[in-house]
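1. how would this look folded up:
(one chain, ligands or ions: 1)
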Amino acid sequence: MPSVWIDYDLCDGCTLCIKKCPYGAVELQEGRPRILDNCTCCGLCLEVCKQGALQTDIQQRAIPDFSSWSGIWVFAEQHDGRLADVGLELLGKAREIGDQRSEEVCALLLGNGVEDLAGTLFSYGADRVYLVQDPLLGTYSTEGYTAALARLVDAYQPEILLVGATDLGRDLAPRLARRVGAGLTADCTGLKIDAEEGILLQTRPAFGGNIMATIANRFSRPQMATVRPGVMEKKTGFPSEGVLCREEAGITEQTIRVNRLETRAEEHEPIDLSKARVIVTAGRGAASKEGLALLGELARALDGELAGTRALIEEEWLPPDRQIGQTGQTVRPELYIGCGVSGAVQHRAGMSGSRYVIAVNKDSRAPIFQVADWGLVGDLFQIIPELINTLSDKAPGSSG
Ligand SMILES: Cc1cc2nc3c(=O)[nH]c(=O)nc-3n(C[C@H](O)[C@H](O)[C@H](O)COP(=O)(O)OP(=O)(O)OC[C@H]3O[C@@H](n4cnc5c(N)ncnc54)[C@H](O)[C@@H]3O)c2cc1C
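-> This next block holds a predicted model:
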């Protein structure tokens with residue numbers, strides 16, 4: 001078992017090690033620091049000790065040579081021959097990283113009869129499309145897609161692999177990461193390259209959204225992350241031609257052990273708020289029949305969508321597909337109007353990409369005002385009817 005100890009001949013009692021230890025495992029006893037039994041040997045105290053008094057027999061883990069791993073890959077999710085937006089959004093981010101790293105951006109297109117989609121992937125920033133077509137990939141299966149993608153990863157060794165954090169992506173990415181021996185950071189809200197080490201810094205909310213954690217992977221490749229729809233911006237205007245590589249899936253019927261008995265369409269098509277240009281969000285302050293009727297009217301007057309905070313969804317005032325936030329949808333409308341929304345960090349995680357934010361709240365200290373371009377302090381039941389009246393006065397054909 002590795003350990004950490006102190007050479008008291010070198011220690012000058014500066015106590016930096018005590019301040020640095022996140023576990024409270026270094027304590028001052030009779031004027032001298034002492035290592036306690038709860039020491040995890042994380043090594044942080046060694047980094048701050050200027051005297052070299054802290055010593056260890058922990059072996060530094062060697063960073064493998066990844067110089068042969070190259071390329072920024074994006075899994076291009078498609079359903080029935082229609083590309084999911086999140087793949088195109090991730091291509092925009094991959095393009096940015098690829099240009100920085102002078103590496104190729106590649107899209108992974110799996111399915112059956114989906115070749116026509118390659119042109120779209122090129123025009124959203126892919127240099128190369130790996131096309132894997134097979135009747136067994138016609139409908140998604142965890143095992144079939146994992147095996148086909150793992151084969152590509154083994155053959156071409158990409159540096160980075162991004163997957164949309166959709167239902168499908170959340171099923172596929174962890175299994176693929178395990179299969180190829182990589183790590184995975186789920187639900188990232190930010191991705192960038194570390195200037196010094198050139199590795200991917202993957203930022204995501206942690207501890208219930210109260211902090212943003214940045215995760216980096218030095219020890220395995222590819223660096224894998226999932227990102228929720230609506231978080232990254234699409235970039236267009238790239239040539240609609242590039243390198244198309246046809247690949248074998250390398251799977252058989254035995255690869256897929258799950259039998260699909262039946263596919264049923266959802267009775268109620270979930271709403272995709274990430275496409276809305278205007279969103280009126282109801283918070284607990286609007287949690288009543290009258291409140292929702294009022295905000296629904298405002299949304300209609302602005303040709304927008306009505307959404308809610310988690311408080312509203314939990315109280316069943318609105319269906320779950322209308323929730324915005326960390327555990328709901330991520331949106332970036334031109335205009336977001338929050339009414340009776342306090343602006344908790346978990347809610348803001350889903351709407352901070354909005355172009356303009358208007359907040360209506362009777363509490364002037366509500367955190368939503370920190371991210372609002374315009375704040376109206378007051379009762380929404382007074383303010384919103386006035387707003388609706390003003391809008392209808394200005395509507396074409398009105399006399400106002
Ligand atoms: C792990 C985790 C994940 C979460 N994920 C999400 C998420 O995805 N999305 C989300 O929204 N939340 C999420 N939450 C919950 C979040 O922490 C908040 O509890 C929630 O967003 C609060 O909703 P609210 O603003 O509607 O309600 P409140 O915080 O209760 O705020 C109501 C606001 O309405 C104002 N108000 C009241 N009456 C009026 C009136 N007549 N006129 C004007 N203003 C009025 C009040 O001043 C108050 O600011 C999550 C929490 C956790 C722990």
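2. and stretch 39-56, how far from the chain's centre?
-> 35 Å (C-alpha atoms, centre = their mean, to the nearest Å).
3. How about stretch 153-169?
-> On C-alpha atoms, centre = their mean, the centre of stretch 153-169 falls 14 Å from the chain's centre.
4. Show me what counts as buried in it.
-> Neighbour counts over stretch 153-169 (16 or more other C-beta atoms under 10 Å) mark 153, 156, 158-166, 168-169 as buried. Placement of C-beta: from N, CA and C, glycine included.
5. Kindly report the same for stretch 236-255.
-> Applying 16+ other C-beta under 10 Å to stretch 236-255 flags 238, 242, 244, 247, 249, 251 as buried.
6. Report the secondary structure state of the closest residue to the ligand within the stretch 51-200 of the chain.
-> Nearest residue of the stretch 51-200 of the chain to the ligand, counting by C-beta to the nearest ligand atom: D187, 11.4 Å away. Using DSSP: H, G, I helix; E, B strand; the rest coil, the structure places D187 in strand.
7. Looks like it contacts R204 (just checking).
-> Yes. D187 is in contact with R204 according to C-beta atoms under 8 Å; the separation is 5.3 Å.
8. higher neighbour count, the two?
-> R204 (23 against 19; other C-beta atoms under 10 Å).
9. Now that one: which helix or strand?
-> Element membership for R204, per DSSP states H and E: strand 200-206.
10. Would you verify that A148 is located in a helix?
-> Yes. With three-state DSSP as the criterion, A148 is part of a helix.
11. Please name the nearest non-neighbouring residue to it.
-> Distance criterion C-beta to C-beta, 6 or more residues apart in numbering; nearest residue to A148, sequence neighbours excluded, is A249 at 4.3 Å.
12. contacting residues around G353?
-> 230-231, 330-332 (C-beta atoms under 8 Å, 6 or more residues apart in numbering).
13. separation between it and T226?
-> Note on G353: its distance to T226, by C-beta to C-beta, to the nearest Å, is 17 Å.
14. buried sites along stretch 14-26?
-> Across stretch 14-26, burial judged by 16+ other C-beta under 10 Å covers 16-18, 20-21, 25-26.
15. Equivalent analysis for stretch 333-350, please.
-> Buried residues in stretch 333-350, defined by neighbour count with 16+ other C-beta under 10 Å: 333, 335-350.
16. What is the end-to-end distance of that stretch?
-> By C-alpha to C-alpha, to the nearest Å, the extent of stretch 333-350 from end to end equals 11 Å.
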